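A.B. asks: All I have is the shape, not the residue letters:
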Ligand SMILES: Nc1ncnc2c1ncn2[C@@H]1O[C@H](COP(=O)(O)OP(=O)(O)OP(=O)(O)O)[C@@H](O)[C@H]1O
Ligand SMILES: Nc1ncnc2c1ncn2[C@@H]1O[C@H](COP(=O)(O)OP(=O)(O)OP(=O)(O)O)[C@@H](O)[C@H]1O
Ligand SMILES: Cc1ncc(C[n+]2csc(CCO)c2C)c(N)n1
Ligand SMILES: [Mg+2]
Ligand SMILES: [Mg+2]
């Protein structure tokens, strides 16, 4: 997968291979700029890979998009500035032509879930960073998609809100048996929310390690205390970067000469 | 501090009082939407408080801004889309009318520091989320300000990059004896980067707890293993929300009826 | 020195009379302009009274006012004709310009084929072909409507095309992943994003449509302010000419004001910038 | 959900088929003109045949050239002056609200006044020739630029303003760094509108108050019922407008490439 | 003291109608009188009366209707010469409409140029008709297509040597109804200045020199009007002139410039009776509120001192 601007070419991804079984939960971790978002954008049919193939439940990304099989929470929570928060959350269902009452009901449910009650009538610029991110999550949740693609959805949230949303997400995934692909910077979060964690190397991004998390689908906060959790954490940290005590990011290939 | 839109009024902050000694490092933690960014924006002279006073080194925010005493890294890394990354990083010095060569030298230094070498000529939309955030940090660092106001500067970074930048920041703070006010969602980061951590309650934001971190200014990664670290973490977690196992954020005041 | 921050709870907002506030605001808003216009009027009156300008060229404003008072009904009748063509052209031209912009933004082939033609049409000096138009469309309001629409059309086309394509990439991607069809994208993203541009065009044509209508009447007509201008000036009845000119100006300003009002209502989400440095 | 990606891969290159549709459109227009006039559906006293106009352009192009040059000079000068004034006044309006409150109504009034009524006064004040026509064109051009630029200069996201504000940027810096780049798309819309009216206004101006230029040529040919000459002048005027418009769009495209933001839209 | 600069607002575009001033410039007749004359073309652009009133022109050449209308608005002018002895303005009718006389007008569609509206209404009244008895189509200043297309039967006003010929060249034969024959005569292309200027004897001397030079040019003209037309074409004063049309105009115009009065007193002589008729008509049509006293506006002093040729 390459990006080009004029004669300059950035190779963002090279050989990547990852298969998530239907209903499975996978996380993607990797250094900043290694191509995680690009990978999600390929699955969401936003960019076309210059080589290779991506499928969601046997469909190409384009088909999956056409059948509204996935929902994407992108890295910068995109809200339409001219719509109030509630209208922004309703957007997905509105586009899918859901019934008005149903749409409102599901949006209010999702808003309640992410803790934004009381801000329905606020415009995006009147929300704090974390509130905007939660609104974007709520919008994806209203859709009850088969595949949930989330790009650092909890990045701007405080630990508590984050933990609470983690568990809400797990509950929803179980309820709807959706498949999850999550990009996160928190190794702990990756372990808590996944069956499998894939580790990407810096550019050109490659999946260099995959770790099965054997916790089953009924997770509790207690699993943090499981010795396996710490072992997973150590393994992933190691996979991310041989030496855990590194002080510099290792992304140094000049691409824009 | 209140925001108003038409007849609707949101009280974002109520009695807050925090004093950071010159050269001191303070962190602000609190639930999403509690008013941390608002507080930083008051100090940066972007919004006027409807009551109360803010001073930076004895100056009002307006004076501090006029004398270019502070640099702000805002929550959404604001880069001008029509400028290349290098030009964006140079922006602060350009506005301060620094000499062209000096400007370039300091920008390149800061870019090196945040690990963005090789992307100088990329436009913001060609950077990943974390890279954009690092560019914004680099822009603030070129200014070598007396006061550094940072609003979740490392939110979009992976653990390694984050840790590396944490220590770079500490080094710079020591070198320039700058005063730091950092908003963060990571309790650990707050402890690592602060002399004092202030905890804000949900809206209307109040500073409900202050914790002195007695680690001095020469910090190493080893301090994570200090038993005091764990104690601090627990205390802050407790201050943030009485019960650490809470599953819902507690932000429920209807403000937009 | 400590960097100190304290923000106590805000005081209650003080009581104010909204009516008085509005009055003060209005005064502040229109005060300078009113003063400017008043001084222009005074200078104008002085210059003409002193005989520095021939009354065949510029009449005194007081004489203009007198003529206005004495022939107001007739003038307003002509204003009615002009307004009909102007406002009709305003609606028609803007609708057409906007509709074409929508088509051009969606259909590449249409854009490549028809846009150059639209530009060529726009390039034709309309006053030069006005006589032919009058012959084709008759002497009623139609040719004036046509000319007003014609001059209003292009600014809307250009603005709307730019506006419809102005939505941010990220928003476009969001709608793409939601698998929105073109109609939804149009309604949900493109239209709101285009609003500032659309209102820009409307502001331009608010003034433009009256001028266009007058030009059309000026070529050949027996009704409308354009006719008054040609006919009265052929007999050097300059006070009447100026009545017509000022009436046309006032009507444009009214429409402009309405457009601004509509704009404010249509875009409540726009926010203020921080104060000047 | 599965994903397998490999490196590399080529990109498709869009064909140069951009030229064909507009050429076809133009050809269709010309053909319609030819058919309608040759078949006598449109009488020659309304619209001469394309062959007659072509013959006129080929054999008698000296006056077209001479008057065209004058009109082009007037229109382009007025275009330049009007745009410069429009941009400068828009900037000043952004800087000084009191100035805006004074000048905006004045601008609206000048635009709301029918030019055909004002041109004679300008001619009497400034004497016949280049100056009054350039003035009229400037007045007509500056208004769209002013209104559009006022909006364009306000169009930058608040975030950018907050950034520059916190950097304690001067007004000029804010203008150069944020407002002008953000206003560029607006400026080009204004330039296109200006380009589309500059020649029309110049011609209308010449019509009312000049003794040379394409507008004058059109009137005088009309007076003697020389339709081939009149339509040649009309076509030359349209061509000049199109060339100006094309230049504006070209510059826009080039700038768009450098700033990597232009959508390449008209 | 160099040559005196003088601006003349011509009565029309620089064609053979304006042969006098144009030839006098190029032949050096003005220079010989110590004048540098700037001849400003008319037809497009600001009206001559406004130019003279604004001081943009020293001498204006225009229809007396306009001068009198200007006088009715409070300006003071002096008329010191007149090119045409008889108005060349007429109503032009399609031959196939059968219109030869105003009495046939009721019920007909007529094209009227907006500034000529009052002329038209007066023309109707003078012939015992009401303006409402015809259907009026307003047309543009140069529009002959409306009558050629057959949408109207006649148009007003037209200039005897211009529009009728254009219409016939387009294949539509016409009849002319000269206004002079229907009670609306005028000494078209009257020469006038501001009264204030005329009061100055020095300025009057300049006018004498001016007219003397122009008279010389007109003498040339009357030797061979067709040659004059050809000279105008060759000099390329403006574009779009046609030799046949100019010859046609030159011949017809020669006739309109001559009368018993010019034979007796000299070329360009003013006839107070015709001006009185014009002023009365203007009052009747409502252009002026009173009958303007034209006798006091006229002066033959310049004509007398210039020694106009008797033709
Ligand atoms: N539109 C683009 N044009 C050119 N290069 C791009 C573009 N978008 C992304 N890139 C490059 O592709 C690489 C991967 O970007 P991507 O956004 O996928 O990273 P990421 O893993 O999501 O990083 P982060 O954790 O910082 O969000 C980066 O080096 C980036 O510079
Ligand atoms: N412009 C505004 N108008 C009205 N209300 C606002 C505005 N900006 C912020 N608020 C409100 O003020 C409160 C505090 O916002 P602020 O951005 O300071 O929160 P925060 O602590 O930074 O949250 P986060 O961690 O999510 O970034 C929020 O409830 C928000 O809705
Ligand atoms: C060829 C020719 N056409 C028109 C005029 C001007 N003109 C003279 S009389 C008249 C009617 C109303 O006064 C007009 C328009 C001219 N001088 N020569
Ligand atoms: Mg990313
Ligand atoms: Mg915040």
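C.D. replies: Yep, it's here. Since the structure is predicted, the reported quantities are computational estimates derived from the model, not experimental observations. Ligands and ions are numbered 1, 2, ... in the order given.
A.B. asks: and the one residue sitting closest to the centre of chain D, helix, strand or coil?
C.D. replies: In chain D, the residue lying closest to the centroid (C-alpha atoms, centre = their mean) is residue D:195, at 0.8 Å. When classified by DSSP: H, G, I helix; E, B strand; the rest coil, residue D:195 comes out as helix.
A.B. asks: Which element, helix or strand, includes the residue nearest in space to the middle of chain C?
C.D. replies: Centroid-nearest residue in chain C, with C-alpha atoms, centre = their mean: residue C:206, separated by 1.8 Å. According to DSSP states H and E, residue C:206 maps onto helix C:191-219.
A.B. asks: Kindly report the same for residue A:28.
C.D. replies: Assigned by DSSP H and E, residue A:28 belongs to strand A:25-30.
A.B. asks: give the contact list for the spatially closest residue to residue E:74 that is not a sequence neighbour.
C.D. replies: With sequence-adjacent residues excluded and distances taken as C-beta to C-beta, 6 or more residues apart in numbering or on different chains, residue E:74 is closest to residue C:55, at 5.4 Å. Yep, even glycine has a C-beta here, placed from its N, CA and C like the rest. For residue C:55, the contact set (C-beta atoms under 8 Å, 6 or more residues apart in numbering or on different chains) comprises C:48, C:63, C:238, E:73-75.
A.B. asks: which helices and strands sit right next to the biggest helix by length in chain A?
C.D. replies: In chain A, with assignment by DSSP state H, the single longest helix is helix A:159-176. Helices and strands touching helix A:159-176, by 3 or more C-beta pairs under 8 Å, 6 or more residues apart in numbering or on different chains; DSSP states H and E, are helix A:129-142, helix A:187-193, helix B:227-240.
A.B. asks: Please identify the most buried of the ones you listed.
C.D. replies: Greatest average neighbour count among those goes to helix A:129-142 (a mean of 26), per mean count of other C-beta atoms under 10 Å in any protein chain shown.
A.B. asks: can it be found next to chain D?
C.D. replies: No: applying C-beta under 8 Å from any C-beta of the partner chain, one finds helix A:129-142 separated from chain D by no less than 11.7 Å.
A.B. asks: Walk me through which strands the next helix-or-strand element following that helix pairs with, and which way each runs.
C.D. replies: Next helix or strand after helix A:129-142 toward the C-terminus (DSSP H and E): strand A:147-151. Strand A:147-151 has these partner strands in its sheet, going by DSSP bridges: strand A:70-73 (parallel), strand A:179-183 (parallel).
A.B. asks: taking the mean pLDDT, what do you get for strand A:147-151?
C.D. replies: Mean per-residue pLDDT for strand A:147-151: 92.
A.B. asks: Residues contacting that strand, please?
C.D. replies: Here strand A:147-151 has contacts from A:36-37, A:40, A:43-44, A:56-57, A:64, A:69-75, A:137, A:140, A:173, A:178-183, B:129, D:1, using C-beta under 8 Å, 6+ apart.
A.B. asks: and the angle from it to helix A:159-176?
C.D. replies: Using axes from the mean of the first three to the mean of the last three C-alpha atoms, to 10 degrees, the inter-axis angle of strand A:147-151 relative to helix A:159-176 is 160 degrees.
A.B. asks: can you list the residues of chain A near ligand 2?
C.D. replies: By C-beta under 6 Å from any ligand atom, the residues of chain A that approach ligand 2 are A:122, A:125-131, A:156.
A.B. asks: Could you look up the next helix or strand downstream of the worst-scoring helix or strand of chain C on mean pLDDT?
C.D. replies: Every helix and strand in chain C was compared by mean pLDDT, DSSP states H and E; the lowest is strand C:3-7, with a mean of 52. Sequence order places helix C:18-49 as the next helix or strand after strand C:3-7, per DSSP H and E.
A.B. asks: what about the strands in the stretch 1-150 of chain D?
C.D. replies: D:2-5 (DSSP state E, counting those that start in this stretch).
A.B. asks: let me fix that: chain E
C.D. replies: E:4-9, E:35-40, E:59-62, E:77-82, E:89-94, E:109-113, E:135-139, E:154-159, E:174-178, E:190-194 (DSSP state E).
A.B. asks: So which elements touch the third one?
C.D. replies: When contacts are defined as 3+ C-beta pairs under 8 Å, 6+ apart, strand E:59-62 packs onto strand E:4-9, helix E:48-53, strand E:190-194.
A.B. asks: give me the low-pLDDT residue ranges for the chain?
C.D. replies: All of this is about chain A. Within chain A, the ranges that satisfy pLDDT under 70 run A:1-16, A:203, A:242-257.
A.B. asks: To clarify, I was referring to chain E.
C.D. replies: Looking along chain E with the criterion set at pLDDT under 70, you get E:43-45.
A.B. asks: swap the cut-off to 80 and go again
C.D. replies: Filtered on pLDDT under 80, chain E yields the residue ranges E:1, E:43-46, E:240.
A.B. asks: about what we covered before: can you redo the helices and strands packed on helix A:159-176 as TSV with distance to residue C:167?
C.D. replies: As requested, the helices and strands packed on helix A:159-176 are arranged in TSV below (distance: least, C-beta to C-beta, whole Å):
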stretch	distance to residue C:167
helix A:129-142	17
helix A:187-193	32
helix B:227-240	39
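A.B. asks: Any idea which of the ones you listed gets closest to chain C?
C.D. replies: Chain C lies closest to helix A:129-142 among the helices and strands packed on helix A:159-176, at 8.8 Å (C-beta to the nearest C-beta).
A.B. asks: so that closest one versus strand A:147-151, what angle?
C.D. replies: Between helix A:129-142 and strand A:147-151, the angle comes out at 170 degrees (the same axes, to 10 degrees).
A.B. asks: Helix A:129-142 and chain C, any residue contact?
C.D. replies: No: Helix A:129-142 lies out of reach of chain C by C-beta under 8 Å from any C-beta, never closer than 8.8 Å.
A.B. asks: so does that helix get close to ligand 5?
C.D. replies: Yes: using C-beta under 5 Å from the ion, helix A:129-142 reaches ligand 5 at residue A:129.
A.B. asks: Next, see if that helix gets close to chain B.
C.D. replies: Yes: judged by C-beta under 8 Å from any C-beta, helix A:129-142 and chain B are in contact via A:129-131, A:134.
A.B. asks: Need the helices and strands packed on strand E:59-62 in JSON lines (columns: distance to chain A and mean neighbour count).
C.D. replies: Shown next, in JSON lines, are the helices and strands packed on strand E:59-62 (distance: least, C-beta to the nearest C-beta, whole Å; neighbours: other C-beta atoms under 10 Å in any protein chain shown):
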{"stretch": "strand E:4-9", "distance to chain A": "59", "mean neighbour count": "20"}
{"stretch": "helix E:48-53", "distance to chain A": "53", "mean neighbour count": "27"}
{"stretch": "strand E:190-194", "distance to chain A": "64", "mean neighbour count": "27"}
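A.B. asks: I'd like the mean pLDDT over stretch C:221-238, please.
C.D. replies: Per-residue scores along stretch C:221-238 average to 91.
A.B. asks: from the chain's centre, how far out does that stretch sit?
C.D. replies: When distances are taken as C-alpha atoms, centre = their mean, to the nearest Å, stretch C:221-238 is centred 24 Å away from the chain's centroid.
A.B. asks: Residue E:2: how many residues sit nearby?
C.D. replies: 6 (other C-beta atoms under 10 Å in any protein chain shown).
A.B. asks: Which residue comes closest to residue D:102 once chain neighbours are left out?
C.D. replies: residue C:32 (4.5 Å).
A.B. asks: wait, doesn't the one you found sit right on residue D:97?
C.D. replies: No: with contacts counted by C-beta atoms under 8 Å, residue C:32 stays clear of residue D:97, the gap being 9.5 Å.
A.B. asks: What strand or helix carries residue D:182?
C.D. replies: helix D:180-209.
A.B. asks: quick one: that helix near chain A?
C.D. replies: No: Helix D:180-209 stays clear of chain A (C-beta under 8 Å from any C-beta), getting no nearer than 15.0 Å.
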